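Chemist: My questions are about this predicted structure, shown below with the sequence.
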Amino acid sequence: MEKEKLIEEILEKEWSYFSKLNNIGGRADCQDNREDFIIMRKSQWETFNEETLLSYLEDLNSKNNPLFQKYGQMMKYNSPEEYEKLKVILESPSKNKITLVEKIMSIYMEWEEEFFKKYPIFSSMGRPLYSTEDDNIETSIETYLRGELLSYSEKTLKLYLDYIIDNKEKNINLAIKNMDNLAKIQGFNDSDDVESYYKNLSKN
């Protein structure tokens, strides 16, 4: 399966899961905004290799809803009281899975920190960086990433870690690549273009 079709299949399955999730505070506005959901997720999936995408598609086809797991795990940080009520029905990650997640996060958070330093204006338009900045309105990149990774199978995590390490060795920052993809969808060339545009806008 070619990568573009693979991503399309992933997006359709994710949207189906996401739009049907039951939220504690009732249905969220973003659950009716398919366009924004597809843009954000597509930008991310385009930074993955095909092998990891195929494995994640297998995760989506399993009986376990990865998106339920993802948002449930995030609640440990952004809604701890609600998490306590929910944790009995969430997957309890193995030590091996936690180790894989932490290894990926240590590299990816360095990339995110580099993005924030290099593009202060562009980064200010999105999520805060660290879990310490979480509240009931904003969820940080760190919390979101941990929840996302914990929703992957160990097979997917192993493949993704290998890919992450390979990119790090080649000095490729996948967090910036993700934001470059997002910039292109919004009509810019890349993150540099977004930063320059808003810098010049603030001068006028």
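Modeler: Looks like it arrived, so ask away.
Chemist: tell me the centre residue of this structure?
Modeler: By C-alpha atoms, centre = their mean, the mean C-alpha position of the chain lies nearest to residue 145, the distance being 5.3 Å.
Chemist: In contact with it: list those residues for me.
Modeler: For residue 145, the contacting residues are 105, 108-109, by C-beta atoms under 8 Å, 6 or more residues apart in numbering. Every C-beta, even on glycine, is put in place using the N, C-alpha and C of the backbone.
Chemist: one more time with 7 Å
Modeler: Residue 145 is in contact with 105, 108, counting by C-beta atoms under 7 Å, 6 or more residues apart in numbering.
Chemist: What separation do you get for it and residue 17?
Modeler: Applying C-beta to C-beta, to the nearest Å, the value for residue 145 to residue 17 is 19 Å.
Chemist: Same check on residue 35?
Modeler: Shown here: residue 35 relative to residue 17, a distance of 17 Å by C-beta to C-beta.
Chemist: repeat for residue 193
Modeler: Using C-beta to C-beta, residue 193 is found at 33 Å from residue 17.
Chemist: likewise residue 158?
Modeler: For residue 158, the distance to residue 17 - C-beta to C-beta - is 23 Å.
Chemist: And residue 135, by the same measure?
Modeler: Between residue 135 and residue 17 the computed distance is 25 Å (C-beta to C-beta).
Chemist: and what of residue 5?
Modeler: Shown here: residue 5 relative to residue 17, a distance of 19 Å by C-beta to C-beta.
Chemist: swap in residue 50?
Modeler: 22 Å.
Chemist: just the helices in this protein please.
Modeler: For the chain, applying DSSP state H gives helices covering 3-19, 34-45, 50-61, 66-78, 80-86, 95-118, 120-124, 141-150, 154-169, 174-185, 191-203.
Chemist: Select, out of those, the one closest to residue 130.
Modeler: Counting by C-beta to C-beta, residue 130 lies closest to helix 141-150 out of those; the figure is 5.1 Å.
Chemist: Alpha carbons of the closest one, as CSV, please.
Modeler: Extracted C-alpha coordinates of helix 141-150, given in CSV (Å, rounded to 0.1, in the frame of the first residue of the first chain):
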residue,chain,number,x,y,z
ILE,A,141,2.8,18.8,23.9
GLU,A,142,4.5,16.6,26.5
THR,A,143,1.3,15.2,27.9
TYR,A,144,-0.3,14.8,24.5
LEU,A,145,2.8,13.0,23.2
ARG,A,146,2.9,10.6,26.1
GLY,A,147,-0.8,9.8,25.8
GLU,A,148,-0.4,9.2,22.1
LEU,A,149,2.6,6.9,22.4
LEU,A,150,1.0,4.9,25.2
